[in-house]
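A.B. asks: dropping the sequence and predicted coords here.
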Amino acid sequence: MMRKDLQYYAKKFAKLNVNRHRERGPAPHKPVLLISVIELIEQGKIRRNQVPLSPELISTFLKYWRSLVITDHRSDISLPFVHLTGDKFWHLSFYPDSETATSKGLGSKGVTAVRRIVEYASLDPELFKILQDPGQRVILLRVLIDSWFSGESSKIEQLSLIDEFESVKSQLLREGGATYNVDDLKDEENIVVRNGAFRKIVVSLYDQRCAFCGLRIISADGQDIVDGAHIKPFSEFRDDRFVNGLALCKNHHWAFDHGWFGIDEDYRIVIPRDRFTEEAAVGSREMVSFRGEKIRLPRDQKFMPSINGLQWHRKKWRIA
């Protein structure tokens, strides 16, 4: 059995199994994806051997794609994310409710479909360990550059200094968020990135605390138990302005989306009577005990939740 060491993966990276078009040349999707993964490992954004198709990964992929790819290949990160499995060092893990799913045909379904079905990708344990070492990591990066983007090492070095997802967040924050039309939604990659930025910013505006209960838990790798929730659903209104956002923990996000509580014009919690029963765990508060309390609000007044949006939500769910 061949030893899976640095030399083994250097050969793998140099000879990726890519589609080679007679006129356009070799498809650049897989090397761009691997360069992006290496950057996120370098930045400490990937600490475990789990690589989700996250807004951070997509924005990094797009950054390199726009600067390095000069052929007319179409940008679509879902293609290499799925088809890199054919190189035998990249593996997909599906969500439990997608146990019958396979990678066959999945790459053609687009980013949204892949994100819904695939929980994360992982590398061979040997490769992931190699990529933890800065010296070996730079060797594999050099192999990718020399094999697929010869002469572009200086450009790639400059690009690596730019945190693309943070740049998107900064731009959106200056704009107060964004609204989109139907045509905008056809660009799945950019919408996923900007929607992910919306959610991250909304949570930060509320100091990573649930507006309803005040819960604040952040993991060592920056994962947050609080969500950036939409007041009026994005699927219906395509509204990613921050005034259409609330920071809510997983439980209260679900409850808000299902009309178990609303928020009035004074930002006080409205809980309909006889809509649900509950039994709180020992030492915790029942949800109904929050009735009439004021939610936690963003520090910046210009990002206060939209009164119009909250009114729409109460009307939709008949919350009086």
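C.D. replies: Ah, there it is.
A.B. asks: so where do the helices sit in the stretch 101-250 of the chain?
C.D. replies: Applying DSSP state H, counting those that start in this stretch to the stretch 101-250 of the chain gives helices spanning 111-117, 125-132, 134-148, 153-159, 164-175, 188-205, 234-237, 250-257.
A.B. asks: pLDDT on the third one, on average?
C.D. replies: The reference is to helix 134-148. The average pLDDT within helix 134-148 is 98.
A.B. asks: what's it packed up against?
C.D. replies: Secondary-structure packing of helix 134-148 (3 or more CB pairs under 8 Å, 6 or more residues apart in numbering; DSSP states H and E): helix 6-14, helix 29-42, helix 125-132, helix 153-159. Every residue, glycine included, has its C-beta placed from N, CA and C.
A.B. asks: got it, and the last one?
C.D. replies: On a contact count with 3+ CB pairs under 8 Å, 6+ apart, helix 250-257 meets strand 226-230.
A.B. asks: and the angle for the strand it packs on with helix 250-257?
C.D. replies: On the basis of axes from the mean of the first three to the mean of the last three CA atoms, to 10 degrees, strand 226-230 is oriented at 10 degrees to helix 250-257.
A.B. asks: would you mind pulling the contact partners of strand 226-230?
C.D. replies: Outside strand 226-230, the residues within contact range by CB atoms under 8 Å, 6 or more residues apart in numbering are 198-203, 206, 208-210, 215-217, 237, 239-240, 244-250, 253, 256-257.
A.B. asks: next, the angle from that strand to helix 188-205.
C.D. replies: Orientation of strand 226-230 against helix 188-205 (the same axes, to 10 degrees) gives an angle of 120 degrees.
A.B. asks: in its sheet, what does strand 226-230 sit against?
C.D. replies: strand 245-249 (antiparallel) (DSSP bridges).
A.B. asks: ok, D207 touching R299?
C.D. replies: Yes. Assessed by CB atoms under 8 Å, D207 is found in contact with R299 at 7.2 Å.
A.B. asks: what about the two, which has more around it?
C.D. replies: Per other CB atoms under 10 Å, whichever of D207 and R299 has more neighbours is D207, with 13 against 9.
A.B. asks: mind giving me the domain split of this structure?
C.D. replies: Domains of the chain are assigned by automatic domain parsing as 6-162, 180-316.
A.B. asks: nearest to V168, of these?
C.D. replies: domain 180-316 (4.8 Å; CB to CB).
A.B. asks: I'd like to know which helix or strand in this protein has the lowest mean pLDDT.
C.D. replies: Of all helical and strand segments in the chain, the minimum by mean pLDDT, DSSP states H and E falls on strand 20-21, at a mean of 80.
A.B. asks: what segments of the stretch 201-320 of the chain are strands?
C.D. replies: 226-230, 239-241, 245-249, 262-263, 269-270 (DSSP state E, counting those that start in this stretch).
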